[in-house]
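1. The sequence isn't on hand, but the structure is:
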């Protein structure tokens, strides 16, 4: 059946979905009521039309500027720098951070030939220069690329009045020393805090 | 973001997709090119319009009768009885079976109050009576419901000229005795075959 096989092929390109899961999903859609399939199709189509990037920070939003950038209660003097728009939503979900954001769009990766020109830095530097930004929190992933990018940003922001900080790396809450890898353990030692 | 949250909610209703996977899929769609999202939406919408049930055997098909029922090379004297339309495709994928099918649409489940009236039996009995059917292979799952249904079918088909058989149950190919459950092991003993 062409219609089914085509959908399975398209679904199998989604992350974490193999051909078996794709077939299961396709059969589920086939068995579910017409309304569900129509709604799913409609919402997928609508997603790309309704969601755009905030022209200030680069995060996903339905209105420009985004709710965070336009909020009167968010602290505009603290900017959290993330790799991708999705990271903003992850951090927002933790309800821990009250500042604003900047999305880089990429991480430095010399091995893959990704240099500083791939990073969206102009708006960040403008904001740090023009506004009274007191702190830039670098929240790139604690990977080789994320760390390289963090060090590069620290150098670029030298000379500004903003303090440059980095999210703490260490053993996750609820984690187990036994299962922590050597690098994480080493970092959590170096980053130890007074009790 | 409403558009994103709505899609995540709808995706999370798919089998094997929790909220985290749903969010990952939604972000993937958001990041992929417009063409992919449009294609996915279009194909989901098309699926229910293009796929219907074969009026002879009840399996999924785009033309009625289905390619199996209308094929001149399939053996019409052997009917394989399955629970759901999806099972036909699973069996077809094995390329082992050369007969035709009948989809019951349900399995007997006295505990859930599902009786014989829930099974689509009329077309099967018509075919067994009217055509020179020599064998009915019952391919319901080897579960309580599948076995109950198989026994019921055997009784219903008594008096016809068709031989009633059941798919073999046993240790799966590549399986390990150590990990086979007691019931499977017992069944594979009872169903042992001469070498």
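-> Right, received. Where do you want to start? Everything numeric in this text was worked out from a predicted model, so none of it was measured.

2. which stretches of chain A form helices?
-> For chain A, helices defined by DSSP state H occupy the ranges A:2-11, A:19-31, A:34-50, A:67-70, A:85-94, A:122-130, A:144-156, A:182-190.

3. May I see those helices organised as a markdown table, with mean pLDDT added?
-> Converted to a markdown table, the helices of chain A look like this (pLDDT from 0 to 100):
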| stretch | mean pLDDT |
| --- | --- |
| helix A:2-11 | 90 |
| helix A:19-31 | 91 |
| helix A:34-50 | 90 |
| helix A:67-70 | 96 |
| helix A:85-94 | 89 |
| helix A:122-130 | 92 |
| helix A:144-156 | 93 |
| helix A:182-190 | 82 |
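
4. Let me have those in a markdown table, extended by mean neighbour count and distance to chain B.
-> For every residue, glycine as well, the C-beta is placed using N, CA and C. Conversion of these to a markdown table gives the following (neighbours: other CB atoms under 10 Å in any protein chain shown; distance: least, CB to the nearest CB, whole Å):
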| stretch | mean neighbour count | distance to chain B |
| --- | --- | --- |
| helix A:2-11 | 18 | 4 |
| helix A:19-31 | 18 | 5 |
| helix A:34-50 | 17 | 4 |
| helix A:67-70 | 17 | 9 |
| helix A:85-94 | 16 | 5 |
| helix A:122-130 | 14 | 20 |
| helix A:144-156 | 17 | 18 |
| helix A:182-190 | 12 | 22 |
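
5. between the ones you listed, which one is nearest to residue A:168?
-> Nearest of the helices of chain A to residue A:168, taken as CB to CB: helix A:182-190 at 8.5 Å.

6. Quick one: residues in contact with that closest one.
-> Contacts to helix A:182-190, defined as CB atoms under 8 Å, 6 or more residues apart in numbering or on different chains, come from residues A:142, A:169-171, A:177, A:180.

7. of all those, which two lie farthest apart?
-> Of all pairs in those, the most separated under CB to CB is A:142 and A:177 at 17.8 Å.

8. quick one on the thing from earlier: for the helices of chain A, give me a markdown table that also has distance to residue B:76.
-> Supplementary listing: the helices of chain A in a markdown table, determined by distance: least, CB to CB, whole Å:
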| stretch | distance to residue B:76 |
| --- | --- |
| helix A:2-11 | 25 |
| helix A:19-31 | 26 |
| helix A:34-50 | 33 |
| helix A:67-70 | 64 |
| helix A:85-94 | 55 |
| helix A:122-130 | 70 |
| helix A:144-156 | 62 |
| helix A:182-190 | 65 |
